[in-house]
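Q: Starting from these lines, generate the structure:
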Amino acid sequence: MAGILKKIDTPEDLRKLEKQELTQLAQELRKFIIDIVATKEGHLGASLGVVELTIALHYIFNTPEDLLVWDVGHQAYGHKILTGRREIFETNRQLDGISGFPKRSESVFDTFGTGHSSTSISAALGMAIASALKGEKGKHHIAVIGDASIASGMAFEGLNHAGVTNANLLVILNDNAIGIDPSVGALKEYLTKARVGYKPARDNIIEALNFKYFGPVDGHDLQGLLDILDKMKAIKGPKFLHVITRKGKGLKKAEEDQVKYHAPGKFEPDTGELLKYDTEGLPLKYQDVFGLSLVELAEKNEKIIGITPAMPTGSSLKYMMKAFPERAFDVGIAEQHAVTLSAGMATQGFTVFCAIYSTFLQRAYDQLIHDVALQNLPVIFCLDRAGLVGEDGATHHGVFDISFARAIPNLMIAAPRNEVELRNLLYTAQLGLEAPLIIRYPRGRGVLKEWKLPFKRIIPGKAEKLKDGDEIAVLSIGNMASNVEKAIKKTSFQNKIAHYDMKFVKPLDEELLQVIFKEYSKIITVEDGVKNGGFGSAVLEFAASSGYKGDIEILGVPDKFIEQGSVDQLQEISGIHVEGIRKKLETMS
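A: Next up is the predicted model:
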């Protein structure tokens, strides 16, 4: 490690440096991030883009007494390194390591836990108002938010409220014209105009909201940032600094391909070249099976529409956006809008596939109930990243969707066990539904090399028996079928174990369940969602109403937030890995 960075254990150490030393520190910090992420993986481009801004904020403001909130937190690696976590930064996103996002229990410098977008302004405003109520004069509250995140409704709600307060709030817009994918929408176009010549637009929307506006300024001009932030400290009330940065700054490959280098995996730190992995013959990712299958269906069905809130690459809706740009929409980080937009289109006879990560559908729960299910509109929600997602940790696990969606009337919930089942669910959905449908599938690669088989219609609410047995019945949902199959083969009494793929959480195949209740006195359910209120609970509820007297064991995610780690490690913690299922089978035999 180079000379200056190794001396910085806290921002107090940073503030002891001469200003002319900070440029060298920025170079060292950028290299440190590159070297670690190259081997340990993580979110790269966003943190590289705010190195100078991170140093300037901690140098000018008296953190942690002054409160700093990072929106989403993809860009907070430099912040973590400068606030006492340099020596353990290589554990970032690993089991029992530090979180990839700001986390209050991890450090006093992480003033607010983030991971989802557009929360920083509301949180920092809440802190500022609370400080005023406590009589804490001169305390600063800073929210750093990106140009993609600020377009979200919640960010506007925070700005709208802040503008009618005297809160000592500084909102810093980190404007790099990209979130994970390129930013979209009218606000993006407005900000683009403001960037030209580094002059504010004549009609300034921020000043109209009663903020004192400064910028745009060069986010890589460290001395300039120090000067403007020092001046803004003396200004009372809500203020706004528009900072222009480049995502991936300092690594040529990351600057040139900002989408890929958002989270690039392993790469050569000196050149940025991605390490090559032999994927020949491996199953395709579920997201790509979805995206490519949707294009197939859209070629024959002109009523199909695709919608995603800022995840065209992550959800693979990018394939439809390329093939049918007039029928595929990226609406930006606006999950509530995406759901109700889908509902509006559905009222006009279109077949709408809303591609959204499971963890982000939580942000549109009211719209799911009020705008879709209550009106019984047949919107198809394609929930990518359902279940445990791995290193992104507690903020991103898609483990709640079964539980929160199961309570909603009219809403069907399906989970394919493999890629062919996913294709067939998509095909069935576009044939015409009388109710909304959730199709949930996991992050990462599937289990079949041959996935592109002819489409077949699936009967909603019908399960499938995968294996005979006469003593124990295992009921799995979704991709858990694979773990169950492997676990059964590892037992010494596999012929006694029957295995059923239930396919649908709602409606349950009650007719088949009645048969299972008559034939088996021991039942195990397996799911990759929370046990409370989930698939197993649904089976247990129906068993109780049917007078079932046998034993039912539920395997699923326990009633706690699961932190970061590999999917295999987290499944083990939850007891839904192959060995955990095998042990449960052994105890019930």
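
Q: ok, residues contacting the lowest-mean-pLDDT helix or strand in the chain?
A: For the chain, counting by mean pLDDT, DSSP states H and E, helix 186-195 ranks last in confidence among helices and strands (a mean of 73). When contacts are defined by Cβ atoms under 8 Å, 6 or more residues apart in numbering, helix 186-195 is touched by residues 147-148, 150-151, 173, 175, 177, 200-201, 205, 216, 242, 244, 332. C-beta coordinates here come from the backbone N, C-alpha and C atoms, glycine included.

Q: So the chain: which segments form each domain?
A: 5-262, 286-440, 464-588 (automatic domain parsing).

Q: Which of the ones you listed sits closest to Gly446?
A: domain 286-440 (4.2 Å; Cβ to Cβ).

Q: how about the lengthiest helix in the chain as CSV, C-alpha atoms only?
A: Longest helix in the chain, counting residues (DSSP state H): helix 22-40. Only the C-alpha atoms of helix 22-40 are listed here, as CSV (Å, rounded to 0.1, in the frame of the first residue of the first chain):
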residue,chain,number,x,y,z
LEU,A,22,-5.1,15.0,-1.2
THR,A,23,-4.6,14.5,-4.9
GLN,A,24,-2.0,11.8,-4.1
LEU,A,25,-4.4,10.3,-1.6
ALA,A,26,-7.1,10.1,-4.3
GLN,A,27,-4.7,8.2,-6.6
GLU,A,28,-3.9,5.7,-3.8
LEU,A,29,-7.5,5.3,-2.8
ARG,A,30,-8.6,4.6,-6.4
LYS,A,31,-5.8,2.0,-6.9
PHE,A,32,-6.7,0.4,-3.5
ILE,A,33,-10.3,0.0,-4.6
ILE,A,34,-9.3,-1.4,-8.0
ASP,A,35,-6.8,-3.9,-6.5
ILE,A,36,-9.3,-5.3,-4.0
VAL,A,37,-12.4,-5.5,-6.3
ALA,A,38,-10.3,-7.1,-9.0
THR,A,39,-9.8,-10.2,-6.9
LYS,A,40,-12.7,-10.1,-4.4
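
Q: Can you give me the buried ones in that helix?
A: Neighbour-count burial for helix 22-40 flags 22, 25-26, 28-34, 36-38, 40 (criterion: 16 or more other Cβ atoms under 10 Å).

Q: Go ahead and flag the most central residue of this structure.
A: Computing the C-alpha centroid of the chain and ranking residues by Cα atoms, centre = their mean puts His396 first, at 4.5 Å.

Q: Tell me where the model's unsure across the stretch 201-350 of the chain.
A: Within the stretch 201-350 of the chain, the stretches falling below the threshold (pLDDT under 70) are 201-202.

Q: cutoff 50 now
A: When residues are selected by pLDDT under 50, those of the stretch 201-350 of the chain lie in 201.

Q: cool, and the stretch 1-150 of the chain?
A: For the stretch 1-150 of the chain (pLDDT under 50), the answer is none.

Q: just the strands in it please.
A: Counting by DSSP state E, counting those that start in this stretch, the stretch 1-150 of the chain has these strands, from start to end: 67-70, 141-146.

Q: Put together TSV for these, with distance to Arg445 and mean neighbour count on each row.
A: Below are the strands of the stretch 1-150 of the chain laid out as TSV (distance: least, Cβ to Cβ, whole Å; neighbours: other Cβ atoms under 10 Å):
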stretch	distance to Arg445	mean neighbour count
strand 67-70	31	26
strand 141-146	30	28
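
Q: And for Val372, the neighbour number?
A: Counted by other Cβ atoms under 10 Å, the residues lying close to Val372 total 26.

Q: pLDDT wise, what is it at?
A: Val372 is assigned 98 on the pLDDT scale.

Q: how close does it sit to Arg327?
A: The gap separating Val372 from Arg327 is 20 Å, by Cβ to Cβ, to the nearest Å.

Q: still on that earlier bit, now the buried residues of helix 22-40 as JSON lines including distance to Glu586?
A: Formatted as JSON lines, the buried residues of helix 22-40 follow (distance: Cβ to Cβ, whole Å):
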{"residue": "Leu22", "distance to Glu586": "61"}
{"residue": "Leu25", "distance to Glu586": "57"}
{"residue": "Ala26", "distance to Glu586": "57"}
{"residue": "Glu28", "distance to Glu586": "54"}
{"residue": "Leu29", "distance to Glu586": "52"}
{"residue": "Arg30", "distance to Glu586": "52"}
{"residue": "Lys31", "distance to Glu586": "51"}
{"residue": "Phe32", "distance to Glu586": "48"}
{"residue": "Ile33", "distance to Glu586": "46"}
{"residue": "Ile34", "distance to Glu586": "48"}
{"residue": "Ile36", "distance to Glu586": "42"}
{"residue": "Val37", "distance to Glu586": "42"}
{"residue": "Ala38", "distance to Glu586": "43"}
{"residue": "Lys40", "distance to Glu586": "37"}
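
Q: Closest to Asn92 out of those residues?
A: For Asn92, the nearest member of these is Lys40. The distance, counting by Cβ to Cβ, is 6.3 Å.

Q: Identify the nearest residue to that closest one in space, disregarding sequence-adjacent positions?
A: Leaving aside its sequence neighbours, Lys40 sits nearest to Glu90 (Cβ to Cβ, 6 or more residues apart in numbering; 5.7 Å).

Q: which SS state does Glu353 fall under?
A: If you look again at residue 353, you'll see it is Phe, not Glu. strand (DSSP: H, G, I helix; E, B strand; the rest coil).

Q: Single out the most deeply packed of the domains of the chain.
A: Each of these was scored by mean neighbour count; the highest is domain 286-440, a mean of 22, by mean count of other Cβ atoms under 10 Å.

Q: Show me how far that domain is from its chain's centre.
A: Distance of domain 286-440 from its chain centroid, counting by Cα atoms, centre = their mean, to the nearest Å, is 15 Å.

Q: do the same with stretch 467-484
A: With Cα atoms, centre = their mean as the basis, stretch 467-484 stands 29 Å off its chain's centre.

Q: Kindly check the end-to-end length of that stretch for me.
A: 11 Å (Cα to Cα, to the nearest Å).

Q: circling back: look up how far Ser482 lies from the residue nearest to the centre of the chain.
A: According to Cβ to Cβ, His396 stands 22 Å off from Ser482.

Q: Restrict the least confident helix or strand of the chain to CA atoms and write it as PDB.
A: C-alpha atoms of helix 186-195 as PDB (Å, rounded to 0.1, in the frame of the first residue of the first chain):
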ATOM      1  CA  ALA A 186     -37.200  13.900 -18.900                       C
ATOM      2  CA  LEU A 187     -35.200  14.800 -15.800                       C
ATOM      3  CA  LYS A 188     -32.100  13.100 -17.300                       C
ATOM      4  CA  GLU A 189     -32.500  15.200 -20.400                       C
ATOM      5  CA  TYR A 190     -32.900  18.300 -18.200                       C
ATOM      6  CA  LEU A 191     -29.700  17.500 -16.300                       C
ATOM      7  CA  THR A 192     -27.900  16.800 -19.600                       C
ATOM      8  CA  LYS A 193     -28.700  20.400 -20.700                       C
ATOM      9  CA  ALA A 194     -27.500  21.700 -17.400                       C
ATOM     10  CA  ARG A 195     -24.100  19.900 -17.900                       C
END
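
Q: Many thanks, I have nothing further to ask.
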